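> What follows is a predicted structure for the sequence shown.
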Amino acid sequence: MKERTQAMLAESVLAAARKRLVTVMETAPLLEAAAFFRAGADLVVVCGSTGVLAGVVTKTDIVNRIGQCQGGGCVAPTSSVMIRDVVSCSAVDRLEDVWSTMKAHGLKNVPITDDAGTPIGVLNARDALQVLLQEVRYEELLLRDYVMGIGYG
């Protein structure tokens with residue numbers, strides 16, 4: 001059977017994950033993070049002063065906070081609503097493991113970080129599933145070819 005390859009690691013979807021990454025500093029006004037959702041983002045990654053992952057903000061977090069704002073605007077910092085206990089992965093994590101964690105926590109997106117904890121992308125569940133399903137299809141073809149005697153002398 002086929003050995004595990006790079007395709008089974010989070011880095012196999014890194015190109016798409018990099019395009020999905022949007023970040024704000026934790027001191028940024030919440031409205032700055034909200035602007036990314038208007039532009040189509042699913043998740044905003046919040047970074048500390050050194051660029052390391054500090055938290056994430058979802059649309060629900062924004063709506064809940066802005067619903068409480070009064071007066072001329074919402075000047076709360078992003079850090080006041082961000083989720084600090086973040087599930088993330090690294091590029092060398094196995095997609096099967098990341099998918100299992102995402103499923104267990106009910107997550108649609110998780111940040112991908114480098115060894116220093118700096119965000120380098122956002123893994124979407126759809127991307128992970130596509131790669132995992134391709135792998136299953138390939139293994140099914142190998143098994144079928146083996147059983148049918150195709151390609152094996």
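All right, it came through fine.
> any chance you could map the strands in this structure?
23-25, 44-47, 53-57, 89-90, 109-113, 119-124 (DSSP state E).
> mind putting those strands in CSV, distance to Ala34 and mean neighbour count included?
Any C-beta I mention is one placed from the backbone N, CA and C, and that applies to glycine too. Formatted as CSV, the strands of the chain follow (distance: least, CB to CB, whole Å; neighbours: other CB atoms under 10 Å):
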stretch, distance to Ala34, mean neighbour count
strand 23-25, 10, 19
strand 44-47, 9, 26
strand 53-57, 9, 23
strand 89-90, 26, 19
strand 109-113, 17, 23
strand 119-124, 17, 24
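> Relative to Leu14, which of those strands is closest?
Proximity to Leu14 (CB to CB) singles out strand 119-124 among the strands of the chain, at 5.6 Å.
> Please compute how far that closest one lies from its chain's middle.
Here the centre of strand 119-124 is set off from its chain's centre by 4 Å, with CA atoms, centre = their mean, to the nearest Å.
> Kindly report the same for stretch 45-63.
13 Å.
> Can you give me the end-to-end span of that stretch?
Using CA to CA, to the nearest Å, the end-to-end distance of stretch 45-63 comes out at 17 Å.
> Show me what it is in contact with.
Outside stretch 45-63, the residues within contact range by CB atoms under 8 Å, 6 or more residues apart in numbering are 21-27, 30, 33-34, 37, 42-44, 78-79, 81-84, 86, 88, 111, 113, 116-119, 122.
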